[in-house]
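Q: the following block contains a protein sequence and its predicted model.
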Amino acid sequence: MNSEKLTQRVPNSTESWWYALGEESRSAATLLQTEAAAGRVQTSVYDLFSEMLGKDGHLYAVLQTRVNALLGLPRAVVASGGGDADRSAQSLVEQLISGVPDFEGLCRALLDGMTKGFAVIECVWGYDAAGRLNVVDWIAHRQESFGFADDGSLELLCPPFSPLPSIPPTDLNVLLDGRAAIPPQGTRPAPARKFLVLKFGADARHRYGRGLCQHAYWYYWFKKNALKFWAVFTEKFGAPTAVATFPPGTPREERDNLLEILRSLQSDAGVVVPETIKLHLLEAGRSGGASAFREFAEWCNDEMSKIVLGGTLTSGEGRRGGSLALGNVHELVRQDYLEADARLLESVLNSQLIRWMCDLNLPGATTPALRFDTRPPADLAVQAEVDKTLVGLGVPIPVRYFHERYGRPAPTVGEETLRYDDANLFGYHLQYGILTINEARARLGLAPMPGGDRRPRMLAEAATPNAGDGAPIDADRGGEGLEKKPEDDAERASESEARGR
């Protein structure tokens, strides 16, 4: 498709550009009209979502919890196969990703689509020091700059993107609800391999996705308005009302001065009034109103936590019985959300960014995949027992696994290491007849020796002056140092004579 070809769209002077794009925009129009009714003018629904994140601390916190949980996972590039070409593509992608400026920030910008429905990142391509095409910079654009065609492909709106000229400010269309917007004069298809797009909750009826902010809006709106009434209630009933009584016939000027004195009671510790004036405090007759506002605000927070995290006990202290068991269930639900978010981000990066890297640098190569490790943290003590049992059963496990699993660095060649004293351990076992010589040699990686399958007698029974001195046995020399007894020689002679017959 020609990237310079424009698909003209007739603007509607009474609706903003997103309102004419499909059924999903009607809910966005409802949100903006609700805000406009309260005197808050928003240029787009995405500005409203940004305002929600900036003003509601609880909503922002739970959304950041979900995003940070994903970005904090270990990630690795996995080859598509075991061939040399597959490993070459894997190595190339690993190097290119490490060269992308602030790759974690790029992922965070993409995940803005979870909150607003979709996110678009522009890739700036260039050559790195090795002469490979890579993303040398990236730009997170506003959602208002893009549209989607009927087939779901990304389109650039004109303006703000060229080649169409900008519209003079005098041509602004005033919408029915008081908003002002510049309708698009046309669109053009987005260039290939230029924009990364992440959609959240998108389907055939919602091409622009359905972000978490859209789901949480009404709870945000209820809580925001409840807080206004709570503030009025606190001002009215939080402190006692000062009441002054004065005798009949008091001049108006004195009454005005008395009113000023009552107002000064809000900040002054004491006031001076004439003797004929009586002051007393009128206590509030209601005491349960504040708790009702608080409970309502907490309910709104709980509903937003359910929308974002799938539960409440992973983001709050819980106000119901059985919070430990219920919290475990909610943690499992949150783990499901984490895995779903990881698959979504993986699909975007693998099908777009990593595919483009391979197409531009290794045409025809099988594309590797970026994977996030979503496995929940294991109890290392329990895992160590499992691994110990598996090793004891003879299950082959690479040493690399233990370093990665338990987070211990692998020693470099020639580096001094701390190791368990296997030689003394085997010497003890040989000395007291727990192991045979060949069993010890097998565990040390040595070949068996003739006669090494017999279990040696305890040195404590040896009839030599040095018996029982605990001298270690050198298993590498086939058990040299074991004390021999006369009956051993007699036994060997009997065996030799039997073989001779």
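A: Happy to help now that I have it.
Q: strands of this protein, start to end?
A: Here the chain has its strands, by DSSP state E, at 75-78, 118-127, 133-140, 146-148, 154-158, 173-174, 180-181, 186-189, 195-199, 241-245, 278-282, 369-372.
Q: what residue ranges in the chain score low on pLDDT?
A: Low-confidence segments of the chain (pLDDT under 70): 1-26, 159-185, 235-242, 262, 264-289, 312-331, 417-433, 456-501.
Q: circling back to that earlier point, quick one: closest of the strands of the chain to A342.
A: A342 lies closest to strand 369-372 among the strands of the chain, at 4.1 Å (CB to CB). (C-beta placed from N, C-alpha, C; glycine too.)
Q: how deep is the nearest residue to A202 once chain neighbours are set aside tucked in, by neighbour count?
A: Leaving aside its sequence neighbours, A202 sits nearest to G209 (CB to CB, 6 or more residues apart in numbering; 4.2 Å). When neighbours are counted by other CB atoms under 10 Å, G209 registers 22.
Q: swap in A292?
A: A292: 13 neighbours (other CB under 10 Å).
Q: break this protein down into its domains, please.
A: 17-216, 223-323, 422-489 (automatic domain parsing).
Q: next, work out how far apart the closest residue to F49 other than its chain neighbours and V348 are.
A: With CB to CB, 6+ apart as the criterion, F49 has its nearest non-adjacent residue at 4.0 Å, and that residue is C213. As judged by CB to CB, to the nearest Å, C213 and V348 stand 19 Å apart.
Q: quick one, which of the two is more surrounded?
A: Neighbour tally, C213 and V348, criterion other CB under 10 Å: the higher count belongs to C213, 27 against 22.
Q: so who does that one touch?
A: L48, F49, M52, L53, L59, T115, K116, Y220 (CB atoms under 8 Å, 6 or more residues apart in numbering).
Q: distance of it from E260?
A: According to CB to CB, C213 stands 47 Å off from E260.
Q: same check on S44?
A: 48 Å.
Q: again, but for D112
A: For D112, the distance to E260 equals 53 Å [CB to CB].
Q: who has more neighbours out of those two?
A: Neighbour count, other CB under 10 Å: between D112 and E260, D112 has more, with 24 against 9.
Q: is it true that the more buried one touches L106?
A: No. Contact between D112 and L106 fails when scored by CB atoms under 8 Å: they sit 11.0 Å apart.
Q: just give the number of residues close to E253.
A: By the criterion of other CB under 10 Å, E253 has 8 neighbours.
Q: residues contacting it?
A: Neighbour list for E253: empty [criterion: CB under 8 Å, 6+ apart].
Q: K224 and R294, how far apart?
A: For K224, the distance to R294 (CB to CB) stands at 15 Å.
Q: of those two, who's got more company?
A: Shown here are K224 and R294; by other CB under 10 Å, K224 has more neighbours (15 against 12).
Q: number of nearby residues for the closest residue to R193 other than its chain neighbours?
A: Leaving aside its sequence neighbours, R193 sits nearest to W356 (CB to CB, 6+ apart; 4.6 Å). The number of residues packed near W356 is 19, by other CB under 10 Å.
Q: how close does W356 sit to G39?
A: For W356, the distance to G39 equals 46 Å [CB to CB].
Q: and the closest residue to L349 other than its chain neighbours, bridged to which residues?
A: Once flanking residues are discounted, L349 sits nearest to L370: 5.2 Å by CB to CB, 6+ apart. Judged by DSSP bridges, the bridge partners of L370 are V77.
Q: thought L370 was touching R355?
A: No. Contact criterion CB under 8 Å: L370 and R355 do not qualify, at 11.0 Å.
Q: those two: which has the busier surroundings?
A: Comparing L370 with R355 by other CB under 10 Å, the one with more neighbours is L370, at 20 against 14.
Q: dump the residue contacts of that one.
A: Contacts of L370 (CB under 8 Å, 6+ apart): R75, A76, V77, V78, V93, I97, E346, L349, N350, I354.
Q: and the residues you listed, which is closest to E416?
A: Nearest to E416 among those is A76, at 29.5 Å by CB to CB.
Q: show me what contacts that closest one?
A: Contact partners of A76, counting by CB under 8 Å, 6+ apart, are L370, R371, D373.
Q: what separates it from P396, distance-wise?
A: For A76, the distance to P396 - CB to CB - is 22 Å.
Q: try S305
A: Separation of S305 from P396 (CB to CB) stands at 46 Å.
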